[in-house]
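Visitor: Build me a model from this:
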Amino acid sequence: MIGVIVCMHGNSALELVKSAEMICGKQENCYAVNFTMGESLDELSEQLTNKIELLSQPLICLTDLKGGTPFNTLVNLKKQYSNIEIVAGVNMPMLLELFVSREQMAMPELLETIIEAGTAGVYQYVTEKIVDEDEEF
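Guide: Sure thing, here's the model as predicted:
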């Protein structure tokens with residue numbers, strides 16, 4: 001099974017994983033790593049290294065923001081751990097798709113699928129305006 005690390009600013013990683021588990025059930029081979037206010041880069045790197053070492057390889061690391069500290073730290077760790085994939089912009093649809101598909105798909109297909117799910121999950125609801133035929137323009 002492909003391992004999963006979700007690393008985000010604040011407590012978002014833990015809360016996102018917990019919310020997804022409400023829908024998909026408890027996940028094995030998955031860790032949330034929060035990057036909290038005042039935490040050093042070395043501390044974050046150590047946390048991530050510990051989790052990477054605990055998980056089976058290959059693994060997918062999801063972050064909140066391209067160019068943010070969690071993303072940049074994982075990019076640096078990828079030099080050491082070549083079997084990790086990093087995807088920024090995580091959202092609930094992406095994580096849910098990853099949880100339900102990671103046992104059935106190979107890495108290239110899985111990456112494409114979760115990115116599509118994340119993109120498709122962004123949606124704006126717009127109320128349709130009902131036009132009155134008697135209304136003049």
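
Visitor: avg pLDDT for stretch 14-22?
Guide: Stretch 14-22 comes out with an average pLDDT of 98.

Visitor: Please list the residues outside that stretch that contact it.
Guide: Stretch 14-22 is touched from outside by Val6, Met8, Gln27, Cys30, Ala32, Asn34, Val90, Met92, Leu95, Leu96, Phe99, with contacts defined as CB atoms under 8 Å, 6 or more residues apart in numbering. (Each C-beta comes from the backbone N, C-alpha and C, glycine too.)

Visitor: So which of those are in strands?
Guide: Val6, Met8, Cys30, Ala32, Asn34 (DSSP state E).

Visitor: I'd like these as TSV, with neighbour count appended.
Guide: Below are these laid out as TSV (neighbours: other CB atoms under 10 Å):
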residue	neighbour count
Val6	26
Met8	23
Cys30	23
Ala32	19
Asn34	18
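
Visitor: Sort out which one of these lies nearest Leu55 for me.
Guide: Relative to Leu55, the closest of those is Cys30; by CB to CB it sits at 8.1 Å.

Visitor: Now that closest one. Nearest residue, chain neighbours left out?
Guide: Val4 (4.2 Å; CB to CB, 6 or more residues apart in numbering).
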